[in-house]
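Trainee: Sequence and predicted structure, then a few things I'm wondering about:
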Amino acid sequence: MSEPIIETDALGRDFSVRDGLRRRTVVAVDDLSLRVEAGESVGYIGANGAGKSTTIKMLTGILVPTRGAARTCGLRPVADRRRLAREVGVVFGQRSQLWWDLSVRESFSILAAIHGLSPERERRRTDELVERLEVGEFLGTAVRQLSLGQRMRAEVAAALLHSPRLVILDEPTIGLDVLSKQRLREFLLAERAAHDTTLLLTTHDMGDVERLCDRVLLVDRGRLVFDGTLTGLSRTVGAQRVLVVDLAEPTPDLAIADTEHLGSEAGGLRQRLAFDPEHTTAARVLAAVTERVEVRDLAVEEPDVEDVVRRVYSARGR
Amino acid sequence: MRTYWRLLLAGIRRQSTYRLAALGGLVANTTFGLLKVAVLFAAVRAAGGQLRGYDVGAMSAYIWLSQGLLGSVNLNGRTDLADRIKDGSVVVDFLRPLDVHAAAITTELGRSLFNLVPRGLPTLAIGVLLVGMDVPHGVTGYALGAAALLLGLVISGATVFLVGACGFWLVETRGLQVFYLVLSGFLAGLFVPISLFPDWLRTTAALTPFPSMLMYPVDLLSGRVVGAAALGLVGQQLVWLVLTLAAGQAMTRAGRHKLEVQGG
């Protein structure tokens, strides 16, 4: 078995926070042990402040751990930071690595120089990324004049210019519209298929996890509380699916066995029923509804990441 | 090496996008230059045409050279590093296969070098045309002057980096910047030449890197200091270069362990 691309052993980081006049210690990450093999695609999820970004910053050598150890791409992140930077590409959704006052093209060429790419390799890789991320139309535009969607595509291209083995994306789709999200996900899937890149992404977006990740890690208060597939996660917490029915006529709140009535809209024309897929099925619930009232349309909503996370957290007593 | 060369060019390119700012700087430099002419020429004349070794020609050279270097020597204490620590974007700097300290100084040097063109040269030209001034003696004079200037710019970048790097501990460094602004201009000899200081103050100034940034390059470029004395000044600059760079390396290394990224 080959060496894992990420391996941490009881990794932890504390921050000192000023709280009025006193200073107190906040544990951002604690006792985190995980292993990611090369070629995997992992979603790293959790609420705000759960320690996701801190973990990423320790894995890339930006933050120095308080406890424990990490190895990324077989290197020690802090001691070998500069060597590691050649193996890893990171996109921070909230930060830019382009030069604000220069054009996208100039930013790319500086990054290529920083990573020591040969002119031939620079040209080939830039062309590839420009075409696949559709960056061409604004290559000559100053970064500060780009729209958010354009800038994110340029950011991703910038992070991948040196063909890193490991790509870490911290909230890559934050603020993007549906179409831009879709394009970005398609690109990441294609990139992974073409170069066998390892992906690690943090996100609040269920679609990102569903489309991109075959493994989910869930953190709560700095600790790893789940490691498995998304389906497995939903099952563990008994996440409910929701049947939404549009009815032919206004109806009082439906009481159906094995479901929970979540709410009615338009005077009872649309009703939302939650059910646990372990106990009943969408078909059975629908049949029970149809017995009482005519159904004109329906939709089934899957549990979203927020919901699953909330359930895990409440099960853990918070 | 190619990497840092490219960063230097990037620093130049970035600065070149701010043309209006360069013009504004030039106007300010010239206005204050003329003000200094009025005050300092009066002082020289009142002293009988010679004030601590400065005649009108030497004083004019001092005024226009020091004004011309204002866009290039950082005497305001502001750095990209300080801003980047404060808003957390310094994480991006640590994500690159670069020495963060060297990269910051290289970029700052690019900015300094660029500003010589729209701010340095025109200020000098205006000074020469309006007032006239002394120039270096011979090729050696120009070569030493150029070397002292380059050293001065790097020392300036390396010293102001130290102010920014305090942000690793303090996060907010605006107070320090103001302190730097007041102290550096005065001790670098921006307002009056250091030779006009009382002895104790001249000694104090010599114990700081500030004269190496502005006063010494101006002394050499104006041909006021020549020969062994000129080499002595360049020697002092080299000492400050080593000291400020070493301090920057040490602070960056220690600061990394202290770094707490702002803004998540």
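Mentor: Done, it's in. Numbering: from 1, shown residues only, chains lettered A, B, ... in the order given.

Trainee: Next up, the contacts around B:Ala205.
Mentor: Residues in contact with B:Ala205 (C-beta atoms under 8 Å, 6 or more residues apart in numbering or on different chains) are B:187, B:189, B:194, B:197, B:211, B:215. Just so you know, the C-beta spots here come from the backbone N, C-alpha and C atoms, and that holds for glycine as well.

Trainee: Let me have the residues you listed in JSON lines, adding neighbour count, secondary structure and pLDDT as columns.
Mentor: Below are those laid out as JSON lines (neighbours: other C-beta atoms under 10 Å in any protein chain shown; DSSP: H, G, I helix; E, B strand; the rest coil; pLDDT from 0 to 100):
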{"residue": "B:Leu187", "neighbour count": "25", "secondary structure": "helix", "pLDDT": "96"}
{"residue": "B:Gly189", "neighbour count": "24", "secondary structure": "coil", "pLDDT": "95"}
{"residue": "B:Ile194", "neighbour count": "21", "secondary structure": "helix", "pLDDT": "94"}
{"residue": "B:Phe197", "neighbour count": "18", "secondary structure": "coil", "pLDDT": "94"}
{"residue": "B:Pro211", "neighbour count": "25", "secondary structure": "helix", "pLDDT": "97"}
{"residue": "B:Met215", "neighbour count": "24", "secondary structure": "helix", "pLDDT": "96"}
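
Trainee: Output those residues in JSON lines, with distance to chain A appended to each entry.
Mentor: Output for the contacts of B:Ala205, formatted as JSON lines (distance: C-beta to the nearest C-beta, whole Å):
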{"residue": "B:Leu187", "distance to chain A": "32"}
{"residue": "B:Gly189", "distance to chain A": "32"}
{"residue": "B:Ile194", "distance to chain A": "36"}
{"residue": "B:Phe197", "distance to chain A": "39"}
{"residue": "B:Pro211", "distance to chain A": "33"}
{"residue": "B:Met215", "distance to chain A": "32"}
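
Trainee: Quick check, the residue in the stretch 201-318 of chain A closest to chain B?
Mentor: Of all residues in the stretch 201-318 of chain A, A:Thr202 sits closest to chain B, at 10.9 Å by C-beta to the nearest C-beta.

Trainee: how about that residue, what does it touch?
Mentor: Contacts for A:Thr202 (C-beta under 8 Å, 6+ apart) come out as A:43-46, A:52-53, A:56, A:169-171.

Trainee: again, only this time at 6 Å
Mentor: Taking C-beta atoms under 6 Å, 6 or more residues apart in numbering or on different chains, we find A:Thr202 in contact with A:44, A:52, A:170.

Trainee: Repeat that for A:Leu201.
Mentor: Counted by C-beta under 6 Å, 6+ apart, A:Leu201 has contacts A:43, A:169.

Trainee: one step back: what's opposite the residue of the stretch 201-318 of chain A closest to chain B in the beta bridge?
Mentor: With DSSP bridges applied, A:Thr202 shows beta-bridge pairing to A:Tyr44, A:Asp170.

Trainee: And the pLDDT at it?
Mentor: For A:Thr202, the pLDDT comes out at 90.

Trainee: Any regions of the chain where pLDDT drops low?
Mentor: Answering for chain A, as no chain was given. A:1, A:237-239, A:304-305, A:317-318 (pLDDT under 70).

Trainee: Not quite, go with chain B.
Mentor: The model of chain B has pLDDT under 70 over residues B:261-264.

Trainee: what does it put close to chain A?
Mentor: Contact residues (C-beta under 6 Å from any C-beta of the partner chain) of chain B with chain A: B:3, B:6, B:10, B:14, B:17, B:89, B:91-92, B:94-97, B:257, B:260, B:264.

Trainee: Pull out the buried residues from those residues.
Mentor: Using 16 or more other C-beta atoms under 10 Å in any protein chain shown as the burial test, the residues of chain B next to chain A include B:3, B:6, B:10, B:14, B:89, B:91-92, B:94-97, B:260 as buried.

Trainee: Scan the contacts of A:Thr202 and report the most crowded one.
Mentor: Counting neighbours by other C-beta atoms under 10 Å in any protein chain shown, A:Tyr44 leads the contacts of A:Thr202 with 28 neighbours.

Trainee: Could you double-check that that one lies in contact with A:Leu217?
Mentor: Yes - with contact defined as C-beta atoms under 6 Å, A:Tyr44 reaches A:Leu217; the gap is 5.0 Å.

Trainee: Strands along the stretch 101-250 of chain A, start to end?
Mentor: Per DSSP state E, counting those that start in this stretch, the stretch 101-250 of chain A carries strands over the ranges A:166-170, A:198-202, A:215-220, A:223-228, A:241-247.

Trainee: Between those strands, which one is closest to A:Ala266.
Mentor: Among these, the nearest to A:Ala266 by C-beta to C-beta is strand A:241-247 (8.9 Å).

Trainee: Remind me what that closest one packs against, helices and strands.
Mentor: strand A:270-275, helix A:282-292, strand A:295-301 (3 or more C-beta pairs under 6 Å, 6 or more residues apart in numbering or on different chains; DSSP states H and E).

Trainee: If we go by neighbour counts, what in that strand is buried?
Mentor: For strand A:241-247, by 16+ other C-beta under 10 Å, it's A:241-245, A:247.

Trainee: those helices in the stretch 51-200 of chain B, which residues are they?
Mentor: Along the stretch 51-200 of chain B, the stretches classed as helices by DSSP state H, counting those that start in this stretch are B:56-68, B:80-87, B:90-94, B:100-115, B:121-130, B:138-165, B:167-170, B:174-187, B:199-206.

Trainee: Which residues of chain A lie near chain B?
Mentor: Counting by C-beta under 6 Å from any C-beta, the residues of chain A lying close to chain B are A:15, A:53, A:62, A:64, A:82, A:85-86, A:90, A:95, A:97, A:101, A:110, A:113-114.

Trainee: B:Val218 contacts B:Gln67, doesn't it?
Mentor: No - B:Val218 is beyond contact range of B:Gln67, at 10.0 Å (criterion: C-beta under 6 Å).
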